[in-house]
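>>> Got a sequence here, can you build the structure:
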Amino acid sequence: MNIRKRTWEIFGAAKPGDIASRAIDISILTLIFLNVIVVIIDSVPSVKESYGTFLNVFEIISVAVFTLEYVARLWSCTVDHRFNGRVRGRIRLFFQPMLLIDLIAILPFYLPFLGIDLLSLRVIRLLRILRITKVSRYYASFNLIKQVFLSKKEELVLVSVLMGLLLVVSSSLLFCCENKVQPNAFSSIPAAMWWSVATLTTVGYGDIYPITLLGKLCASIIAILGVGMFALPTGILGAGFIEAIQKNKEPKQICPHCGKEL
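Numbers count the residues shown, from 1 in each chain. Coordinates of the predicted model:
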């Protein structure tokens, strides 16, 4: 039990003074960033041709380390009261977001052994880039992002609905204005949605644009509305980050009776 408990502590986020756990955290973080770099340079044909063997060996070593970490967490999790029970506790941990991220980190290596065809292999190998999401376990900043989105979820849902309505209305208007004169570019409302997305996001690729007077007038109004619409989620998230940072800086109030945070 002592070995199991120590394993759970070592592979978890390091506590102050725990040198072994801190060393493991730094080692895994370093390996994660190295993996991301390897995935990027592996896409360069000349580098892959010259250092293909080295990259493959590094991939095997990385997967071995990540697999060991994954198995160690599943094996030792039962010492935590949140994951009591040999089977039920491990199943509960298995579906935790952090463990799913760990699974994503090693899954691309093992999938080809399950009979995945060669055409899909290239896409599967690109999933290795998702190993960078493992960093979220070691940085509290990622928890702050989650906290902001959860606190502002109602406002963000409302803004998303408004943006969806604006997208449908704008594409419908331009379809009515431009379909007769540009039947290929504005062949349908779904086709006009591409123009609406490019305009509302102020990207304006210029591959599709209105040529009628009424179409240009509608497009001008829609473009102005797009600027204001996309400023809304920015303001909501900005205010959410400020509130979360100020809340984290405030001293926590502890109940004198039960010892829990108020």
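>>> Could you check how far Phe241 is from Pro16?
26 Å (Cβ to Cβ, to the nearest Å). In this view, the C-beta of every residue, glycine as well, is placed from N, C-alpha and C.
>>> hang on, I meant Lys152
Counting by Cβ to Cβ, the gap from Lys152 to Pro16 is 32 Å.
>>> higher neighbour count, the two?
Using other Cβ atoms under 10 Å as the criterion, Lys152 and Pro16 rank with Lys152 on top: 19 against 5.
>>> The closest residue to that one other than its chain neighbours - how many residues pack around it?
Excluding its sequence neighbours, the residue lying closest to Lys152 (Cβ to Cβ, 6 or more residues apart in numbering) is Gly240, at 4.4 Å. Neighbour count for Gly240, taken as other Cβ under 10 Å: 21.
>>> Then the one 4 residues further on?
Around Ala244 sit 19 other residues, with neighbours defined as other Cβ under 10 Å.
>>> quick check, it in a helix?
Yes: checked against DSSP: H, G, I helix; E, B strand; the rest coil, Ala244 lies within a helix.
>>> where does this structure dip in pLDDT?
Along the chain, segments meeting pLDDT under 70 span 1, 14, 115-142, 250-262.
>>> mind giving me the domain ranges of it?
Under the assignment automatic domain parsing, the domains of the chain span 2-138, 151-249.
>>> Please identify which of the ones you listed is closest to Leu144.
Leu144 lies closest to domain 151-249 among the domains of the chain, at 5.6 Å (Cβ to Cβ).
>>> Show the end-to-end separation of that closest one, please.
17 Å (Cα to Cα, to the nearest Å).
>>> gap between it and the chain center?
Mean C-alpha position of domain 151-249 versus that of the full chain (Cα atoms, centre = their mean, to the nearest Å) differs by 23 Å.
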